[in-house]
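1. Sequence first, predicted model second:
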Amino acid sequence: MLNEIEARRVSDLLYAHNRRQSVPNEAHFTSTSRIRLGTLASAKLVLLQSALYPVTIVLSLLLCELALGTSVSSQYVALAVIAFILAPRIITGPDLTTSAKVAPLLSKLVFEWSLLVGILLFLAFALKASESYSRTVILTWFVATPALLVGSGQLARHLVKRMRKEETRARTYAIIGANEVGKELARRLAAGEEAVGFAGYFDDRSLDRLPGINSGELVGKLADVYAFAKRNPLQAVYIALPVWGSPRMIQLVSQLRDTTASIYIVPDLSAFELIQTRFVDIDGIPAVSICDTPIQGKCAVIKRTTDLVVASIGLALVSPLMLGIAAAIKLTSRGPVLFKQRRYGLDGEEILIYKFRSMKVLEDGPQVMQATRGDFRLTKIGGFLRRTSLDELPQLLNVLQGTMSLVGPRPHAVAHNEQYRKLIDGYMIRHKIKPGITGWAQVNGLRGETETIDKMQKRVEFDLDYLRQWSIWLDVKILIRTALAVVRDPNAY
């Protein structure tokens with residue numbers, strides 16, 4: 001007879017065995033279970049993409065030295081090594097599988113290359129090594145390299161196309177799920193270097209419910225996948241089912257494990273409104289971000305650096321003007337020069353923003369009335385300050401503090417946030433990025449009073465669109481359009 005301890009141990013083992021049998025495909029993540037993010041690209045393509053720009057930068061420096069008659073000294077070798085190491089961390093590698101427009105690519109490369117050169121110059125001055133280099137060589141290198149990067153990228157794309165034509169393609173694949181994700185996946189696989197034979201789609205729906213799918217492309221239902229994979233030499237099976245189809249996924253994966261096909265799950269996320277969607281690695285566990293901020297990693301460094309540089313220069317240039325405005329406010333009305341108000345910042349945290357006072361009241365309570373055309377609360381110079389956006393100049397201090405950015409969704413009073421978050425779906429998502437002095441909505445005619453829900457809805461839509469397509473060049477575009485629109489915006493009052 002088993003004693004109590006032995007009986008409990010046997011019971012635990014039986015429970016664990018039954019649990020494994022009832023859920024055969026349950027994932028058990030331990031401290032040693034890590035899932036790596038990878039790529040289907042060939043080793044040659046990965047090597048070419050990662051080394052192309054760093055090698056081009058080094059060759060550009062060498063060509064500049066030879067063309068200008070400068071000997072290749074140890075100092076230039078050290079410069080080339082440092083540039084080679086830093087380049088992949090600052091300059092975005094080329095996408096050699098798709099064509100790229102030269103103008104936007106050149107603009108992006110000029111910006112990233114300028115950032116790299118700035119770091120190199122800082123290191124040279126910090127190490128007191130700047131006198132070891134020819135200014136003519138460095139300036140020529142700075143000017144010539146972006147064009148060489150674009151040229152090397154175009155040449156590499158041509159070589160990749162030739163490689164695809166010459167290589168024998170041997171992968172045959174099938175797609176489970178004839179939905180939009182499955183069709184887009186088939187299109188991209190057909191254009192990629194790994195695509196070979198497309199066996200067809202598997203879907204439980206009839207052909208008349210699958211627009212865009214030919215009768216020859218639909219080869220069976222989900223229940224037919226396993227038998228088909230046993231009969232045919234499939235190298236890969238892609239499961240493109242909606243996320244709510246997980247029980248079917250478990251069954252399919254369990255069956256396909258008895259074949260030699262590689263199995264990939266391509267989640268159909270069409271049920272969600274996607275903002276900055278990306279795959280991330282959480283200490284070995286893969287995850288898909290459905291709604292995220294674009295300002296992460298290198299992008300955060302670039303945006304913050306731009307904010308600090310531009311805000312510092314701007315504050316230095318407009319300081320005399322700001323002193324004049326402050327004096328005018330004091331002379332024409334009673335009250336403080338600056339108006340401070342609580343608003344929501346990054347991640348919905350409360351911040352205190354600064355503006356030149358343009359009204360006779362200082363509202364910051366549970367109810368805040370928006371400014372209207374001909375508002376009786378305006379001071380003698382308040383209307384002029386608001387029309388010309390001069391009242392926003394103190395927010396340069398917010399930018400330097402880090403509570404705001406030059407460009408981003410305009411911050412609203414806390415009272416307005418609490419009102420609109422209940423009325424507009426996705427309203428709070430706009431706080432996934434720092435609020436800005438100007439924004440995408442404002443340069444698209446949505447500046448000023450939002451007296452109706454529809455107007456605020458449109459503003460929020462532009463704010464979310466800004467999050468989806470953010471780039472430093474979009475920020476530059478918005479700043480330029482803001483400067484042009486300030487003096488002629490009919491919505492400013």
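-> Good, I have the coordinates. Numbering: from 1, shown residues only.
2. what's the helix or strand for the nearest residue to Trp473 once chain neighbours are set aside?
-> Distances taken as CB to CB, 6 or more residues apart in numbering place Ser107 nearest to Trp473, at 6.2 Å, with adjacent residues excluded. Every residue, glycine included, has its C-beta placed from N, CA and C. Using DSSP states H and E, Ser107 sits within helix 102-126.
3. Dead centre of the protein: give me the residue that sits there.
-> Centroid-nearest residue in the chain, with CA atoms, centre = their mean: Pro294, separated by 3.7 Å.
4. sec struct for it, please.
-> At Pro294 the chain is in coil, as set by DSSP: H, G, I helix; E, B strand; the rest coil.
5. Thought Leu467 was touching it, still the case?
-> Yes - contact criterion CB atoms under 8 Å: Pro294 and Leu467 qualify, at 6.1 Å.
6. partners of the nearest residue to Pro394 once chain neighbours are set aside in the sheet?
-> Of all residues not flanking Pro394 in the chain, Tyr354 sits nearest, at 3.8 Å (CB to CB, 6+ apart). Note on Tyr354: beta-bridge partners by DSSP bridges are Lys340.
7. Any idea how far stretch 474-489 is from the middle of the chain?
-> Stretch 474-489 has its C-alpha centroid displaced from the chain centroid by 23 Å (CA atoms, centre = their mean, to the nearest Å).
8. re the thing from before, show me whatever sits in contact with both of Pro294 and Leu467.
-> Gln276, Ile433 (CB atoms under 8 Å, 6 or more residues apart in numbering).
9. list the contacts for Asp475?
-> With CB under 8 Å, 6+ apart, Asp475 has these contacts: Lys303, Thr306, Leu406, Val407.
10. got those as JSON lines, with secondary structure columns?
-> Below are the contacts of Asp475 laid out as JSON lines (three-state DSSP):
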{"residue": "Lys303", "secondary structure": "helix"}
{"residue": "Thr306", "secondary structure": "helix"}
{"residue": "Leu406", "secondary structure": "strand"}
{"residue": "Val407", "secondary structure": "strand"}
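11. Please tell me which one of the residues you listed counts the most neighbours.
-> Highest neighbour count within those, by other CB atoms under 10 Å: Val407, with 29 neighbours.
12. Bridged to it, which residues?
-> Judged by DSSP bridges, the bridge partners of Val407 are Thr438.
13. Let me see the ranges of the helices in this structure.
-> Per DSSP state H, the chain carries helices over the ranges 4-22, 43-67, 74-90, 102-126, 135-166, 180-191, 225-231, 246-256, 298-332, 382-387, 395-401, 414-420, 453-469, 472-485.
14. Turn those into a markdown table, columns for mean pLDDT and distance to Asp204.
-> Formatted as a markdown table, those follow (pLDDT from 0 to 100; distance: least, CB to CB, whole Å):
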| stretch | mean pLDDT | distance to Asp204 |
| --- | --- | --- |
| helix 4-22 | 41 | 25 |
| helix 43-67 | 88 | 36 |
| helix 74-90 | 91 | 45 |
| helix 102-126 | 88 | 43 |
| helix 135-166 | 86 | 35 |
| helix 180-191 | 84 | 13 |
| helix 225-231 | 89 | 11 |
| helix 246-256 | 80 | 9 |
| helix 298-332 | 90 | 42 |
| helix 382-387 | 82 | 60 |
| helix 395-401 | 94 | 55 |
| helix 414-420 | 82 | 42 |
| helix 453-469 | 89 | 33 |
| helix 472-485 | 87 | 42 |
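15. want to try a markdown table for those helices, with distance to Leu346 as columns?
-> What follows is those, written out as a markdown table (distance: least, CB to CB, whole Å):
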| stretch | distance to Leu346 |
| --- | --- |
| helix 4-22 | 43 |
| helix 43-67 | 32 |
| helix 74-90 | 24 |
| helix 102-126 | 23 |
| helix 135-166 | 33 |
| helix 180-191 | 32 |
| helix 225-231 | 46 |
| helix 246-256 | 34 |
| helix 298-332 | 11 |
| helix 382-387 | 26 |
| helix 395-401 | 12 |
| helix 414-420 | 13 |
| helix 453-469 | 12 |
| helix 472-485 | 16 |
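16. Nearest to Ser262 among these would be which one?
-> Minimum separation from Ser262 across the helices of the chain (CB to CB) falls at helix 246-256, 9.4 Å.
17. which residues touch that closest one?
-> Residues outside helix 246-256 that contact it (CB under 8 Å, 6+ apart) are Pro24, Asn25, Ile176, Leu222, Val225, Tyr226, Ala229, Val237, Ile239, Leu241, Ile263, Ile265.
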